[in-house]
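S.K.: I'll drop the sequence and a predicted model, then ask my questions.
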2 protein chains.
Amino acid sequence: MVDKNSFFWQMVDGRLPPPACARTLGIAFADINPERGTIEVDFEAKPEFLNPAGNVQGGFLAAMLDDTMGPALVATLDAGEFAPTVNLNVQFHRPAKPGPLKGMGRVVMRGREVCQLSGELFQDGKIVATATATAVIRRM
Amino acid sequence: MVDKNSFFWQMVDGRLPPPACARTLGIAFADINPERGTIEVDFEAKPEFLNPAGNVQGGFLAAMLDDTMGPALVATLDAGEFAPTVNLNVQFHRPAKPGPLKGMGRVVMRGREVCQLSGELFQDGKIVATATATAVIRRM
């Protein structure tokens, strides 16, 4: 049962502005399925994210994966709940260039408090990086 | 023996501009010791990095840790070598606010190819996040 008064759904419905970090990463939510715990998120890698080799610095790919997996869980929270990430583990598979990337996130295990998440990041249909994360649900 | 003609030292010496990702994260190198494999890096968390709770999104802290541990290793490379991160594991300990952060990085194990790195990120003298990473040395 989704709480449409949560921060996340107010943002998705345009009742609240997206957070600054989401704008920085060029986020657009393509598909959100809180019943299945899955999400599909579009990102835009900007020139400001590039390393000396002209590829997206790995940390910014980690930020995109965090902003894929986090929302997969946050979409299931009630108003007044939040879920900080306590651990993030990223594997980098190939370089990413400036331009669009697609994140696919999933709540693997949703406990009352501790939740396990996974995410994959694609560019031009090829996998760029994968991640797992642990988040903990807290009440304000 | 440090190769002062490597990209990294040309950048530190001001002969090459810093990469875009470093400017985005507000990097300044405070101390670099390639013989010991340690580094101290200053960052500036900007309003663009904030999540809905007003804290720095974890992914941007991961980006800072990546840009702490990477340079600790890169400072030891010869010209023509580079060292992409293949794995990054971050533990988040407390929220970070906009403003200065300090990264401390170390090459834990420097193989001919596979290198193990560790890093810690502080704000106001308190530990915010810690990380380990694996990087692999490649030649252009």
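M.R.: Sure thing, it's come through.

S.K.: run through the residues that contact the most centrally placed residue in chain A.
M.R.: Residue closest to the mean C-alpha point of chain A, counted by CA atoms, centre = their mean, is A:T68 at 1.5 Å. Neighbour list for A:T68: A:39, A:41, A:103-105, A:119, A:121 [criterion: CB atoms under 8 Å, 6 or more residues apart in numbering or on different chains]. Using the backbone N, CA and C atoms, a C-beta is placed for each residue, glycine as well.

S.K.: list only those of those residues flagged as buried.
M.R.: For the contacts of A:T68, a neighbour count by 16 or more other CB atoms under 10 Å in any protein chain shown gives the buried set as A:39, A:41, A:103-105, A:119, A:121.

S.K.: in TSV, list those along with distance to A:V136, pLDDT and secondary structure.
M.R.: Formatted as TSV, those follow (distance: CB to CB, whole Å; pLDDT from 0 to 100; DSSP: H, G, I helix; E, B strand; the rest coil):
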residue	distance to A:V136	pLDDT	secondary structure
A:I39	19	97	strand
A:V41	21	97	strand
A:G103	21	98	strand
A:M104	23	98	strand
A:G105	17	98	strand
A:G119	17	98	strand
A:L121	23	98	strand
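
S.K.: tell me, which of these make contact with chain B?
M.R.: Of the residues in the buried ones among the contacts of A:T68, proximity to chain B by CB under 8 Å from any CB of the partner chain holds for none.

S.K.: return the backbone torsion pair for the nearest residue to A:R138 once chain neighbours are set aside.
M.R.: Spatially, and ignoring its direct neighbours in sequence, A:R138 is nearest to A:F82 (5.7 Å; CB to CB, 6 or more residues apart in numbering or on different chains). With angles defined as degrees, to the nearest 10, A:F82 sits at phi -140, psi 170.

S.K.: any idea how far A:T68 lies from A:P98?
M.R.: Counting by CB to CB, to the nearest Å, the separation of A:T68 from A:P98 is 19 Å.

S.K.: same question for A:V114.
M.R.: Taking CB to CB, one finds A:V114 at 36 Å from A:P98.

S.K.: which one of these two has more residues nearby?
M.R.: A:P98 (16 against 13; other CB atoms under 10 Å in any protein chain shown).

S.K.: before we move on, back to that, and the residue nearest to the centre of chain A, how far from B:V86?
M.R.: Taking CB to CB, one finds A:T68 at 20 Å from B:V86.
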